[in-house]
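Enquirer: 3D model of this:
(one chain, ligands or ions: 1)
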Amino acid sequence: MFDVTRYATAAQSIVDAGQFLYGRGWSPATSSNYSARIDSDHVAITVSGRHKGQLTAADVMVVDLDGRPVQSQCKSSAETLLHTVLYRAFPEVGAVLHTHSVKATVLSRLIAAGQALELEGYELQKAFSGVETHEGALSIPVFDNTQDIPALAEDTRAWFLAHPEQPGYLIRGHGLYTWGKTMADCLRHVEAFEFLFECELETMRVRP
Ligand SMILES: [Zn+2]
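Expert: Got it, this is the predicted structure:
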C-alpha cells in the first residue's frame, strides 16, 4: 500500500513535467516516459502511449520496484525497468525523466560505437546536482537501442553503479535518461543536457 497524498503529489509533478517537456519539443508524438518516487517500494509513472502535453492524473499509474502495476489495470511503458532499476539502486533518487528530443537523437547517432559523449569546460555543467565547477568532465555513455529492455536495464545498472556521479545516459537514435533527488532537479538536468547537446552539435557544424 502507498500513501494517496504522496501519490497525488508525485502524479501532479509528472503532469507538470509533461507540459514543460512537450512544450519544449522534447517529448513528441506520445514518446517519452516520466516517473516520480512515492516511497521506498512504489513509483508513479506515465501510462504507456499517452500524449505528454495533455497528461492528467488518469495518465499516471503506480508500479512497484520490479515494474509491476499496483492497483491498476493500466500498462506502463515497455521501458519501465529502466526507471525502476534507478530507484532500486539509489534510495535518494526521487524522479527519472526520459525524453526523445531531436538533438539527443541526432547527437547519439553521431557518437562512434563504444565512445561516450564527453562534455568538458561548459559553465552549465554546474546545473547538474553535485557538480561545483566547470572544470570536471561529464562522460555520457551511449547505449545501443534494443527492444530487450531487461538486458538494457542490466547494462545501465552496471554503468551507473560504477559511475554514480554521472547524471544521465543516451540511447542511440532514441533519447535521454536522467534522474535527480526531486522532479525540479530532474527537469533542470534535462534542460542542461539539451543546452549542452545543442552546443555540441553547433560545434560540429562550425568545426566538422
Ligand atoms: Zn523511449
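Enquirer: tell me how far residue 157 lies from residue 189.
Expert: Look at residue 157 and residue 189: by CB to CB, to the nearest Å, they are 19 Å apart. Placement of C-beta: from N, CA and C, glycine included.
Enquirer: the two: which is more packed in?
Expert: residue 189 (21 against 16; other CB atoms under 10 Å).
Enquirer: how near is that one to residue 73?
Expert: Using CB to CB, we find residue 189 at a distance of 32 Å from residue 73.
Enquirer: same question, residue 182
Expert: 30 Å.
Enquirer: between the two, which one's more packed in?
Expert: More neighbours surround residue 182 than the other of residue 182 and residue 73, with 15 against 6 (other CB under 10 Å).
Enquirer: that one and residue 92 touch, don't they?
Expert: No. If you go by CB atoms under 8 Å, residue 182 and residue 92 don't touch, sitting 10.1 Å apart.
Enquirer: all helices for the protein, in order.
Expert: For the chain, the helices defined by DSSP state H occupy 4-23, 80-89, 102-110, 149-162, 183-206.
Enquirer: any idea how far the second one is from the chain center?
Expert: To tie it back to what came earlier, the one meant is helix 80-89. 11 Å (CA atoms, centre = their mean, to the nearest Å).
Enquirer: for that helix, enumerate the helices and strands it packs against.
Expert: strand 33-37, strand 42-46, strand 60-64, strand 95-99, helix 149-162 (3 or more CB pairs under 8 Å, 6 or more residues apart in numbering; DSSP states H and E).
Enquirer: do the same with the longest one
Expert: Packing partners of helix 183-206 (3+ CB pairs under 8 Å, 6+ apart): helix 4-23, strand 95-99, helix 102-110, strand 116-120, strand 175-180.
Enquirer: of those, which is nearest residue 202?
Expert: Closest to residue 202 of the helices and strands packed on helix 183-206, according to CB to CB: helix 102-110, at 10.0 Å.
Enquirer: how far away from the center of its chain is that closest one?
Expert: 15 Å.
Enquirer: any idea of the angle that helix forms with strand 95-99?
Expert: Angle between the axes of helix 102-110 and strand 95-99 is 80 degrees (criterion: axes from the mean of the first three to the mean of the last three CA atoms, to 10 degrees).
Enquirer: between helix 102-110 and strand 175-180, how big is the angle?
Expert: Going by the same axes, to 10 degrees, helix 102-110 makes 110 degrees with strand 175-180.
Enquirer: would you mark the buried spots in helix 102-110?
Expert: For helix 102-110, a neighbour-count test (16 or more other CB atoms under 10 Å) marks 103, 104, 105, 107, 108 as buried.
Enquirer: do the same with stretch 173-180
Expert: 174, 175, 176, 177, 178, 179, 180.
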